[in-house]
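Trainee: Sharing a sequence plus its predicted fold:
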2 protein chains.
Amino acid sequence: MARLSDIIEDFIKDMLKEKENGIEIQRNELATYFKCVPSQINYVIGTRFTTEKGYYVESKRGGGGYISIKQVSISKPYEYMMHVILSMGETLSQQSAEIYINNFVDYNIISKEDSVMIKAAVSNNALKSVDIIKRNQVRVDILKNMMLRRVV
Amino acid sequence: MARLSDIIEDFIKDMLKEKENGIEIQRNELATYFKCVPSQINYVIGTRFTTEKGYYVESKRGGGGYISIKQVSISKPYEYMMHVILSMGETLSQQSAEIYINNFVDYNIISKEDSVMIKAAVSNNALKSVDIIKRNQVRVDILKNMMLRRVV
DNA sequence: CTTTCTTTGACTATCTCTGACCTTATTATA
DNA sequence: TATAATAAGGTCAGAGATAGTCAAAGAAAG
């Protein structure tokens, strides 16, 4: 059974596809349409339209309020990559790693096939014999090393 | 009498036969159907639907959660890779890893560019924060995971 | 008799949905 | 203009819905 959040996510993504310059939605309107509480719209945006995933969200309260969603432009892959590597920090969960890797595909830095392989390299399964405490540290080291080699 | 785990295994395999693109199951639903505890489903999947046996399993928790199982098509590269992976053993030096990776390039399983990236993933530099004692074990895990996903 | 495989259940982790309460912006009115 | 009413959107904690882990008990095989 598809989750409501997924349905709303798809709905918003469809809207974004049609509009080049981002969209503006009414939170209450959307909630009424999907027969859910307004805060579920926040949940969807908060979990699916994050900065990490390449979205830029703004909103305004009060009369005539709105939520605007834009997709970050993908102009300079190399600079993006270096920026991301430098901003990764010293530790990385499997989940966060996958978000980064999906972004690399979106930015045409790696192919879909490579992304599968890279995800495998940093999966908990591959790192199962690394101490839990160190695992996220090893993960980020591996990902940085791979991505550096790819763009250099 | 056949063990329950075998019955569940057969049931899932029958489902897989009918669906070309893999299946999605509900752990609790299946457990109810077979009148067993949910964790037995994990046991069956963990012992019968492993990567080594050619299956790829993903799951998600929470509302609308699922376990998805896909059967890997047994291609020539897959068989070759499986053979190589099984021969790798439980530990691998950086030097040996590079020999394997070079062979994969020769066999046209990966590109030269990918080989650079894979070598980076299993380099001592990427694994610098893994205990020396465990490093060769982690290295082989990573390489196995990556290569399996590449041929799958 | 020992080892390995199976079954069970208590506890844990994660994701989704809901509602009460809060903050901010605009508009109407005294 | 100051104030009140109205019209948005935001936050957060808790309830609900799944799945995962692990160790111990039980059963089967060697």
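Mentor: The structure has been received and is ready for your questions.
Trainee: can you tell me if the longest helix that chain A contains touches chain B.
Mentor: Ranked by residue count under DSSP state H, the longest helix found in chain A is helix A:132-151. Yes - with CB under 8 Å from any CB of the partner chain as the criterion, chain B is reached by helix A:132-151 at A:K134, A:Q137, A:V138, A:D141, A:I142, A:K144, A:N145, A:M146, A:L148, A:R149, A:R150. Where you see a C-beta, it was placed from the backbone N, CA and C, and this is true even at glycine.
Trainee: gap between the third one and B:L127?
Mentor: As judged by CB to CB, to the nearest Å, A:V138 and B:L127 stand 7 Å apart.
Trainee: which neighbours do these two share?
Mentor: In terms of CB atoms under 8 Å, 6 or more residues apart in numbering or on different chains, A:V138 and B:L127 are both contacted by the residues B:V138.
Trainee: Quick check: phi and psi on the spatially most central residue of chain A?
Mentor: Centroid check for chain A by CA atoms, centre = their mean gives A:K53 as the closest residue, at 2.2 Å. Dihedral angles of A:K53 (phi, psi; degrees, to the nearest 10) stand at phi -90, psi 0.
Trainee: for A:I67, same thing?
Mentor: A:I67 adopts backbone torsions of phi -120, psi 120, taken as degrees, to the nearest 10.
Trainee: Skipping its backbone neighbours, what lies nearest it in space?
Mentor: In space, and not counting its chain neighbours, A:I67 is closest to A:S59: 4.4 Å by CB to CB, 6 or more residues apart in numbering or on different chains.
Trainee: So the one you found is in contact with A:Y66, correct?
Mentor: Yes - assessed by CB atoms under 8 Å, A:S59 is found in contact with A:Y66 at 6.6 Å.
Trainee: what about chain A, any weak spots by pLDDT?
Mentor: A:1, A:73-76, A:152 (pLDDT under 70).
Trainee: Based on its surroundings, how many neighbours for the nearest residue to A:S111 once chain neighbours are set aside?
Mentor: In this structure, A:S111 finds its nearest non-sequential neighbour in A:V105, 7.3 Å apart by CB to CB, 6+ apart. If you count neighbours by other CB atoms under 10 Å in any protein chain shown, A:V105 ends up with 16.
Trainee: Check A:G54 too.
Mentor: So A:G54, with other CB under 10 Å, has 18 neighbours.
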